[in-house]
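Q: Based on what follows, work out the 3D shape:
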Amino acid sequence: MWMTIGDGGKMKRANGFAVVRTMMTAGVSATAMLVLFTACGDTQGPATGAEGGSSSQAIATSTSTSTSVAESDAVESDAPESEAADGSTEQGDAAAAADGSSGVSASRWSGTWQSAGESLPATLTVITDRPMLATIDIPGRCGATWKESARRGGRPVVDATVTYGQCNDNQWLVSVNGSTLTAVDTANSGTTVRFTRQ
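A: The predicted structure is shown next:
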């Protein structure tokens, strides 16, 4: 129990129980003490002073900080992941598939070489598809290396460099349709090769 009492014109707070003990020691009657407490008693507990206020402020600050941290976490969790999840990998895979759409990579083909009424068996061994690199063998006639130098309408144009035999260097326009590969001499459409995948 706390009460406010005067002290030389100044008001101060005092412990009510200590005041009662002092008044009883001085012989003050119970009636007088009751009147005194009725007039100036303060039955409220200790007011929240600077210390109480500090505690309240600390609690408020802690609550505010916790809320801010929670909001910050929410923002971070909602942030988009690295633009590593926007589809670029899938596009790269699609492009790679398109690059190998001819389906001739690392494969062996057998067929026929024809030129000026002459027809001979031939074999084509593909090393890489894009850029196309291959070797062609025409037994009894010649052999050459095919190396892609350009693309025309999505089809490879290869430069043929003779490695043995009696043939001339030339250029071929290659087309692939499923298991069939054909090529036409770009300077002489009468010279062709036609292969089937082995």
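Q: tell me the mean pLDDT for the host helix or strand of Ser189?
A: Assigned by DSSP states H and E, Ser189 falls within strand 188-197. When pLDDT is averaged along strand 188-197, the result is 96.
Q: Can you list the strands that that strand pairs with?
A: The strands that strand 188-197 pairs with in its sheet are strand 108-115 (antiparallel), strand 180-185 (antiparallel) (by DSSP bridges).
Q: Any buried residues in that strand, and which?
A: Across strand 188-197, burial judged by 16 or more other C-beta atoms under 10 Å covers Thr191, Thr192, Val193, Phe195, Arg197. In this view, the C-beta of every residue, glycine as well, is placed from N, C-alpha and C.
Q: Would you format these as JSON lines with distance to Ser179 included?
A: Listed next are those as JSON lines, based on distance: C-beta to C-beta, whole Å:
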{"residue": "Thr191", "distance to Ser179": "23"}
{"residue": "Thr192", "distance to Ser179": "17"}
{"residue": "Val193", "distance to Ser179": "15"}
{"residue": "Phe195", "distance to Ser179": "9"}
{"residue": "Arg197", "distance to Ser179": "4"}
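Q: low-scoring stretches of the chain, by residue?
A: The model of the chain has pLDDT under 70 over residues 1-103.
Q: cutoff 90 now
A: 1-107, 116, 130, 178, 198 (pLDDT under 90).
Q: From the recorded domain assignment, give the ranges for it.
A: Following automatic domain parsing, one gets these domains for the chain: 2-42, 101-197.
Q: Contact partners for Asn188?
A: Residues near Asn188 by C-beta atoms under 8 Å, 6 or more residues apart in numbering: Ser115, Asn170.
Q: Can you name the residues bridging to it?
A: Going by DSSP bridges, Asn188 is paired in beta bridges with Asp185.
Q: The closest residue to Thr161 other than its chain neighbours: neighbour count?
A: Excluding the flanking residues, the one nearest Thr161 by C-beta to C-beta, 6 or more residues apart in numbering is Thr145, at 5.0 Å. Other residues lying near Thr145 total 16 when counted by other C-beta atoms under 10 Å.
Q: so what's Thr145 bridging to?
A: Thr135, Thr161.
Q: okay but it is in contact with Cys167, surely?
A: No: the pair Thr145 and Cys167 fails to qualify as a contact (C-beta atoms under 8 Å) at a distance of 11.7 Å.
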